[in-house]
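> no sequence on hand, only this structure:
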(Lines give C-alpha, C1' and ligand atoms only; values in the text may rest on other atoms or scores of the structure.)
Protein backbone atom coordinates (compact mmCIF):
# COMPACT_ATOMS: atom_id res chain seq x y z
CA UNK A 1 0.00 0.00 0.00
CA UNK A 2 1.42 3.39 -0.94
CA UNK A 3 1.97 6.15 1.60
CA UNK A 4 -0.61 8.39 -0.12
CA UNK A 5 -3.31 5.71 0.17
CA UNK A 6 -2.56 5.43 3.91
CA UNK A 7 -3.03 9.20 4.35
CA UNK A 8 -6.38 9.02 2.57
CA UNK A 9 -7.37 6.14 4.88
CA UNK A 10 -6.76 8.35 7.94
CA UNK A 11 -8.71 11.39 6.65
CA UNK A 12 -12.23 10.32 5.69
CA UNK A 13 -13.91 13.62 4.75
CA UNK A 14 -14.14 17.26 5.79
CA UNK A 15 -16.89 18.20 8.22
CA UNK A 16 -18.92 21.18 7.03
CA UNK A 17 -21.22 22.35 9.82
CA UNK A 18 -21.94 25.64 11.50
CA UNK A 19 -19.46 24.84 14.28
CA UNK A 20 -16.78 23.76 11.77
CA UNK A 21 -17.25 27.00 9.81
CA UNK A 22 -16.78 29.02 13.01
CA UNK A 23 -13.59 27.04 13.75
CA UNK A 24 -12.26 27.78 10.24
CA UNK A 25 -12.39 31.50 11.01
CA UNK A 26 -9.76 30.81 13.70
CA UNK A 27 -7.47 28.88 11.33
CA UNK A 28 -8.81 25.40 12.16
CA UNK A 29 -10.20 22.78 9.78
CA UNK A 30 -12.41 19.87 10.87
CA UNK A 31 -12.10 16.38 9.36
CA UNK A 32 -13.84 13.10 10.01
CA UNK A 33 -11.01 10.62 10.61
CA UNK A 34 -10.58 6.88 11.13
CA UNK A 35 -11.52 5.73 14.64
CA UNK A 36 -8.12 4.11 15.26
CA UNK A 37 -6.05 7.08 14.02
CA UNK A 38 -3.77 8.97 16.41
CA UNK A 39 -2.98 12.70 16.58
CA UNK A 40 0.53 12.26 15.06
CA UNK A 41 -0.95 10.19 12.19
CA UNK A 42 -3.61 12.85 11.54
CA UNK A 43 -0.99 15.62 11.57
CA UNK A 44 1.25 13.72 9.14
CA UNK A 45 -1.68 12.91 6.81
CA UNK A 46 -2.96 16.51 6.66
CA UNK A 47 0.54 17.89 6.03
CA UNK A 48 1.19 15.32 3.28
CA UNK A 49 -2.17 15.55 1.49
CA UNK A 50 -2.68 19.34 1.64
CA UNK A 51 0.93 20.57 1.82
CA UNK A 52 0.40 22.77 4.89
CA UNK A 53 2.05 23.08 8.32
CA UNK A 54 -0.09 21.84 11.23
CA UNK A 55 0.15 23.61 14.59
CA UNK A 56 -2.10 21.36 16.71
CA UNK A 57 -4.60 18.49 16.46
CA UNK A 58 -7.55 18.09 18.83
CA UNK A 59 -9.81 15.05 18.51
CA UNK A 60 -13.30 14.19 19.70
CA UNK A 61 -15.32 10.98 19.51
CA UNK A 62 -19.08 11.30 19.06
CA UNK A 63 -21.02 8.19 20.07
CA UNK A 64 -23.61 6.99 17.54
CA UNK A 65 -27.24 7.75 18.33
CA UNK A 66 -29.96 5.10 18.55
CA UNK A 67 -32.27 5.77 15.61
CA UNK A 68 -35.07 3.99 13.79
CA UNK A 69 -34.49 2.83 10.22
CA UNK A 70 -37.69 1.91 8.33
CA UNK A 71 -39.42 1.15 11.64
CA UNK A 72 -36.57 -1.01 12.95
CA UNK A 73 -34.30 0.06 15.76
CA UNK A 74 -30.72 0.69 14.68
CA UNK A 75 -27.68 2.66 15.71
CA UNK A 76 -25.52 5.16 13.88
CA UNK A 77 -21.79 4.46 13.92
CA UNK A 78 -19.42 6.28 16.24
CA UNK A 79 -17.54 9.15 14.57
CA UNK A 80 -14.10 10.57 15.34
CA UNK A 81 -13.49 14.20 14.36
CA UNK A 82 -10.18 16.03 14.27
CA UNK A 83 -9.94 19.79 14.75
CA UNK A 84 -6.69 20.62 12.92
CA UNK A 85 -5.21 24.03 13.75
CA UNK A 86 -2.92 25.32 11.01
CA UNK A 87 0.20 27.48 11.33
CA UNK A 88 -0.18 31.18 10.45
CA UNK A 89 -0.48 31.79 6.71
CA UNK A 90 -1.63 28.22 5.87
CA UNK A 91 -5.15 27.56 4.60
CA UNK A 92 -7.17 24.61 3.30
CA UNK A 93 -10.23 25.24 1.15
CA UNK A 94 -12.47 22.27 1.98
CA UNK A 95 -15.26 23.42 -0.33
CA UNK A 96 -13.26 22.51 -3.48
CA UNK A 97 -12.74 18.82 -2.61
CA UNK A 98 -9.64 16.64 -2.89
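Thanks, I have the structure now. Everything numeric in this text was worked out from a predicted model, so none of it was measured.
> can you pull up the most central residue in the protein?
Closest to where the C-alpha atoms of the chain average out (Cα atoms, centre = their mean) is residue 31, at 1.5 Å.
> so in terms of bridging, what pairs with that one?
residue 14, residue 82 (DSSP bridges).
> which one in this structure is furthest away from the centre?
Distance-from-mean max, the chain, by Cα atoms, centre = their mean: residue 71 at 31.4 Å.
> so which residues of the protein form helices?
3-10, 18-24, 39-50 (DSSP state H).
> and among those helices, the most buried is which?
Across those, averaging neighbours per residue (mean count of other Cβ atoms under 10 Å) puts helix 39-50 on top, at a mean of 18. The way it works is simple: take the backbone N, C-alpha and C, and place the C-beta from them, glycine included.
> other SSEs contacting that one?
helix 3-10, strand 11-14, strand 28-33, strand 54-62, strand 79-86 (3 or more Cβ pairs under 8 Å, 6 or more residues apart in numbering; DSSP states H and E).
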